[in-house]
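Peer 1: Make a model of this:
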Amino acid sequence: MTQIEIVPCLSDNYAYLIKSGAQCAILDPSEPEPVRAALARTGWKLTHILNTHHHLDHCGGNLALKEETGAQIVGPGKDAARIPGLKPTKTAAEIGGHERALAHEIREAREGATQGNIFTPEIAAQFRVLIGETMKGPSAARIRESLNQASPVWLSGLRVNMTYPHDVPLQSSPPTLLMNLPALPAQLEYRVVGRSLILRDLEANLVVDFLRDAIQ
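Peer 2: Residues are numbered from 1 along each chain as shown. Now for the predicted structure:
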């Protein structure tokens, strides 16, 4: 049986404590203190630290928790140099080559795809309703503060099938905003770019589609 504990962190972040059998993992611990408290409350022994990417609001608690528990840090190999405590697996050249090859395959399969290929008018309208409700709800002020603190990013010439520029940071998206949106397949993620919401293929680092002026 799998058990999950939601662990509030920072001002608008969450880590997730997941236990299955003898294994116990913390997902994206931005700071160690709330995780320590959750472990003390549940009596669970931490075995793994899981990071989705390198931003400090997802891995700031890594080193302290690893030192205290001996837990293994697991994360994407391409971020090994930027995730505290994660040992590198593949070289940058290997990762880059795989990323480019996969992106090429996706572009060929989606040749001619334009904005709105996934965010059709009907789907876009529903997303605007969901985001609008969240941005007017009780968490709106915290969401805006979180977006501003995350150093807003802007992309000129945003288009479908473009590579997300490696020199442009991936802005952290507030969990309270994402929680109100439909779940995505594991290979895709939502990202906020300026006021647009984009769908990004994680492995290919490709913009799959985007919704302009989604964040008002």
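
Peer 1: This structure: helices as residue ranges?
Peer 2: Along the chain, counting by DSSP state H, helices occupy 32-42, 56-59, 62-69, 92-109, 121-135, 140-149, 175-178.

Peer 1: Quick one, which of those gets closest to residue 85.
Peer 2: Proximity to residue 85 (CB to CB) singles out helix 62-69 among the helices of the chain, at 4.7 Å. C-beta: built from backbone N, CA, C; applies to glycine.

Peer 1: For that closest one, name the packing helices and strands.
Peer 2: helix 32-42, strand 48-50 (3 or more CB pairs under 8 Å, 6 or more residues apart in numbering; DSSP states H and E).

Peer 1: For residue 175, find the nearest of the ones you listed.
Peer 2: Closest of those to residue 175 is helix 32-42, at 13.9 Å (criterion: CB to CB).

Peer 1: ok, the residue lying closest to residue 180 once chain neighbours are set aside - contacts?
Peer 2: Counting by CB to CB, 6 or more residues apart in numbering, residue 180 lies nearest to residue 134, which is 4.7 Å off, once chain neighbours are set aside. Residues near residue 134 by CB atoms under 8 Å, 6 or more residues apart in numbering: 140, 143, 176, 177, 180.

Peer 1: Deepest in the core, which of the helices of the chain is it.
Peer 2: Ranked by mean neighbour count under mean count of other CB atoms under 10 Å, these are led by helix 56-59, which reaches a mean of 21.

Peer 1: Can you pull out the residues in contact with that helix?
Peer 2: 9-10, 13, 28-30, 51-53, 75, 83-84, 150, 172.

Peer 1: contacting residues around stretch 157-170?
Peer 2: Stretch 157-170 is touched from outside by 53, 55, 103, 106-107, 110, 113-115, 117, 151, 153, 155, 191, 193, 196, 198, 200, 205-210, with contacts defined as CB under 8 Å, 6+ apart.

Peer 1: Need the per-residue pLDDT for the closest residue to residue 64 other than its chain neighbours.
Peer 2: Of all residues not flanking residue 64 in the chain, residue 32 sits nearest, at 4.0 Å (CB to CB, 6+ apart). On pLDDT, residue 32 comes in at 96.

Peer 1: again with residue 152
Peer 2: With respect to pLDDT, residue 152 has a value of 64.

Peer 1: try residue 157
Peer 2: pLDDT, residue 157: 85.

Peer 1: Can you report how many residues lie near it?
Peer 2: Applying other CB atoms under 10 Å, we find 5 residues neighbouring residue 157.

Peer 1: Check the one 3 residues further on too.
Peer 2: Burial measure for residue 160: 21 neighbouring residues, criterion other CB under 10 Å.

Peer 1: got the contact list for the nearest residue to it once chain neighbours are set aside?
Peer 2: Counting by CB to CB, 6+ apart, residue 160 lies nearest to residue 113, which is 5.1 Å off, once chain neighbours are set aside. Contacts for residue 113 were tallied using CB under 8 Å, 6+ apart; they are 160, 161, 209.
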